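J.: Take a look and give me a structure for this.
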Amino acid sequence: MRSKLASEFIAKTQWSDAEMAIIAGDASNRKYYRLKKTSSADTAILMDAPPDKGENVVPFVLIAQHLESIGLKPPSIYAKDEVNGFLLLEDLGDDLLAKLAPNGSEFDLYKAAVDALLHLHRSPLPETPLEKYSAAEMASLGCLSIEWYAQNVGATGNAKAELETALFAAIKATETATPVLVLRDYHAENLLWTPMFETPKNIGLLDFQDARVGQPTYDLVSLLGDARRDVSIPVRDDLLQYYQSESGIDPDKFSASCAVQSAQRNLRILGVFARLCIRDGKPSYLDFIPRVWANLKQDLQHPSLSSVAQTVFQNIPEPTPEILNLLRRKCPTNHH
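T.: As a prediction, the model looks like this:
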């Protein structure tokens, strides 16, 4: 059914004769296809975001238009069908930072990504008001670590309220700067190296449809404390310092904000990756959990997080191989 709708959508564009090949999806229900014209070397990307599975392309379109208007590089939108959930997008290539960084200059690639963030943070917010990524919502989402991870590996007691209270207090206490647009999934697998464009357009932006208004350190720590790959420590430390000096945020407030925003993100991801396995049948995400835990442990050393740390270490078990196997056994794809 979707393929018929997709064909009808493409037939109305200049890409009606194109060949179509699927490219990697992500943790959502969206799928992506590369269209290649038979008459030329031109390519484009089809985003297939089924509304009946909770997907909605409208936020993507709004944020893309905003990012373009402030001089950043999202894919241009060639055609859209917001009702059926299709977008035809500019093809920014395959040079994901995650793919290039291990063999190239990790520092230069990541510095370009930090420069794009600095540009974003100096730019006005979108005219269409966006929801705030509030301390209350962030604290609640951090508790996914209890609901989906800890409670599925035998942790007893309900520390959810305790964690939520401690996390909320830490987030409130360390909110520093003027709120900015937070893209919320700013990491090396969503960023493309596009050196054919001038800085800051040399970073192609993807997967920003969940953008909100929040703290400037959030996207920075999601980039430098990546759940999916190890960013080398000198690169991470140099770029944290670079961002701090360029942004002018007070150094102590900056380090506290980084630790708290990162801890919240890692607690949420711990729960999300467990849920992707248990509910969605995607066990490969379990492989990232030890790194998320290591990042979280590092965040929790910061004095701003002492009460969060206490709750975490008393109630959330370390992801040992045994614990990860418990989660793996609950994955629906293992029952066939």
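J.: Which strands or helices does the longest helix along the chain pack on?
T.: Secondary structure of the chain per DSSP state H: the longest helix is helix 251-278. Contact analysis of helix 251-278 by 3 or more CB pairs under 8 Å, 6 or more residues apart in numbering; DSSP states H and E lists helix 135-142, helix 144, helix 160-173, helix 216-224, helix 233-247, helix 289-299, helix 321-329 as its packing neighbours. Heads up, the C-betas are built off the backbone N, CA and C, glycines and all.
J.: Report the inter-axis angle for that helix versus helix 233-247.
T.: Following axes from the mean of the first three to the mean of the last three CA atoms, to 10 degrees, one obtains 130 degrees for the angle between helix 251-278 and helix 233-247.
J.: Give the buried residues for helix 251-278.
T.: 253-278 (16 or more other CB atoms under 10 Å).
J.: Looking at the helices and strands packed on helix 251-278, which is nearest to Asn56?
T.: When the helices and strands packed on helix 251-278 are compared for distance to Asn56 using CB to CB, the nearest one is helix 135-142, at 18.4 Å.
J.: if we can go back for a sec, which among the helices and strands packed on helix 251-278 is found nearest to Ala188?
T.: Ala188 sits nearest to helix 216-224 of all the helices and strands packed on helix 251-278, at 7.3 Å, using CB to CB.
J.: Now the closest one: buried residues?
T.: By 16+ other CB under 10 Å, the buried positions in helix 216-224 come out as Pro216, Thr217, Tyr218, Asp219, Leu220, Val221, Ser222, Leu223, Leu224.
J.: Adding pLDDT, write those out as JSON lines.
T.: JSON lines is the format used below for the buried residues of helix 216-224 (pLDDT from 0 to 100):
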{"residue": "Pro216", "pLDDT": "96"}
{"residue": "Thr217", "pLDDT": "97"}
{"residue": "Tyr218", "pLDDT": "98"}
{"residue": "Asp219", "pLDDT": "98"}
{"residue": "Leu220", "pLDDT": "98"}
{"residue": "Val221", "pLDDT": "98"}
{"residue": "Ser222", "pLDDT": "97"}
{"residue": "Leu223", "pLDDT": "98"}
{"residue": "Leu224", "pLDDT": "98"}
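J.: CSV for those residues, including distance to Ala101?
T.: Formatted as CSV, these follow (distance: CB to CB, whole Å):
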residue, distance to Ala101
Pro216, 23
Thr217, 21
Tyr218, 21
Asp219, 17
Leu220, 16
Val221, 17
Ser222, 15
Leu223, 11
Leu224, 12
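J.: Report all helices and strands that the helix or strand hosting Leu181 contacts.
T.: Leu181 is part of strand 180-182, with elements assigned from DSSP states H and E. Applying 3+ CB pairs under 8 Å, 6+ apart, one finds that strand 180-182 contacts helix 106-121, strand 212-214, helix 216-224.
J.: For the residue lying farthest from the centre of the chain, which non-adjacent residue is spatially closest?
T.: Farthest-out residue of the chain from its mean C-alpha position, per CA atoms, centre = their mean: Ser39, at 36.3 Å. Excluding its sequence neighbours, the residue lying closest to Ser39 (CB to CB, 6 or more residues apart in numbering) is Asp17, at 6.6 Å.
J.: re earlier: pairing partners for the strand holding Leu181, with directions?
T.: Sheet pairing for strand 180-182, assigned by DSSP bridges, gives strand 212-214 (antiparallel).
J.: what about the strand it pairs with, distance to the chain center?
T.: 13 Å (CA atoms, centre = their mean, to the nearest Å).
J.: now stretch 187-206
T.: 15 Å.
J.: Now the terminal residues of that stretch, how far apart.
T.: Separation of the first and last residues of stretch 187-206 by CA to CA, to the nearest Å is 10 Å.
J.: Ok, stretch 128-141 next?
T.: 25 Å.
J.: surely Tyr186 meets Gly225?
T.: No. The pair Tyr186 / Gly225 is not scored as a contact, 11.2 Å apart, by CB atoms under 8 Å.
J.: So what's the residue count around Ala150?
T.: 25 (other CB atoms under 10 Å).
J.: Let me fix that, I meant to ask about Thr178.
T.: Counted with other CB under 10 Å, the neighbours of Thr178 add up to 9.
J.: Next one: it from Pro124, what distance?
T.: Between Thr178 and Pro124 the distance is 11 Å, computed by CB to CB, to the nearest Å.
J.: Find the nearest non-adjacent residue to Val312, please.
T.: Leu300 (6.3 Å).
J.: give me the low-pLDDT residue ranges for the protein?
T.: Applying pLDDT under 70 to the chain flags residues 25-27, 177, 334-336.
J.: Spell out for me which residue occupies the centre of it.
T.: Asp185 (1.7 Å).
J.: Can I take it that it is in a strand?
T.: No. Counting by DSSP: H, G, I helix; E, B strand; the rest coil, Asp185 is located in no strand; its state is coil.
J.: Around the nearest residue to it once chain neighbours are set aside, count how many other residues there are.
T.: Leaving out its chain neighbours, the residue that sits closest to Asp185 by CB to CB, 6+ apart is Asp207, at 4.9 Å. Close neighbours of Asp207, defined as other CB under 10 Å, add up to 20.
J.: three-state assignment of Asp207?
T.: Per three-state DSSP, Asp207 ends up coil.
J.: my guess is it contacts His187, does it?
T.: No. Counting by CB under 8 Å, Asp207 does not reach His187; the two are 9.1 Å apart.
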